[in-house]
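**Student:** Return a 3D structure for these sequence lines:
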Amino acid sequence: MRHLRLEKKGLRGLAIAESFKQNSEKSILAGIVMRRDFMIDGFVLGTATLSGNDATDEIIRMYEKLARPDISYVLISGIIISMYNMVDIKKIHEKLQLPVIGVTYQDSAGIETAIKKHFSDPAEKIEEYKKLGQRDKITLKTSHDIFVRKEGCTLSETTQLLNTLTIQGSLPEPIRVAQLLAKTLLKN
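**Tutor:** Reported below is the predicted structural model:
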């Protein structure tokens, strides 16, 4: 299993973000490989079904498509993506043997109520949501709060990494670029 080597200038991570339209069946997942010094050196694309349960497996496939043993961690924008498609970071960590960090930007109070409104039989999705585990709140050096779920790294390592990757606001730069790519692809 690889560990975060935060002292490495060339530390590479795979950041994944999504974009979708409400009337679509699939969302676009865009992944970028970015070094800690903000050099981009790879892209990968995937899709996830809206309201489905395929996001976790698709993220694993995206990593495997890259065939890049130099990637040291996976950073995901959101744990509940594509209209309640849950990302199981524990499964991703166990399969890839890499630290995995899921980042969200607001408190998720009321998510179970939202799931009940969205699904006619919400029991399975609510159970899936409960398995995601606790989130930790981090205040970044930019004074913005974010929430993380992590596997394979400590909260201290996660905080240090995200502070290194966040230039302004609450979006770590690799996620910001991945979101721009996903939104651009959605428009075309």
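
**Student:** Then residue 72 would be within a strand, right?
**Tutor:** Yes: assessed with DSSP: H, G, I helix; E, B strand; the rest coil, residue 72 lies in a strand.

**Student:** Look at it and report its pLDDT.
**Tutor:** Residue 72 carries a pLDDT score of 95 in this model.

**Student:** does residue 65 sit in a helix, a strand or a coil?
**Tutor:** Residue 65 ends up helix, using three-state DSSP.

**Student:** Name the nearest residue to it, sequence neighbours excluded.
**Tutor:** Using C-beta to C-beta, 6 or more residues apart in numbering and skipping the chain neighbours, the partner closest in space to residue 65 is residue 44 (5.4 Å). Backbone N, C-alpha and C define where each C-beta goes, glycine included.

**Student:** check contacts around that neighbour.
**Tutor:** Counting by C-beta atoms under 8 Å, 6 or more residues apart in numbering, residue 44 touches 14, 30-33, 62-63, 65-66.

**Student:** Out of those residues, which is nearest to residue 106?
**Tutor:** residue 30 (21.5 Å; C-beta to C-beta).

**Student:** Can you tell me who that closest one pairs with across the strands?
**Tutor:** For residue 30, the beta-bridge partners under DSSP bridges are residue 17, residue 45.
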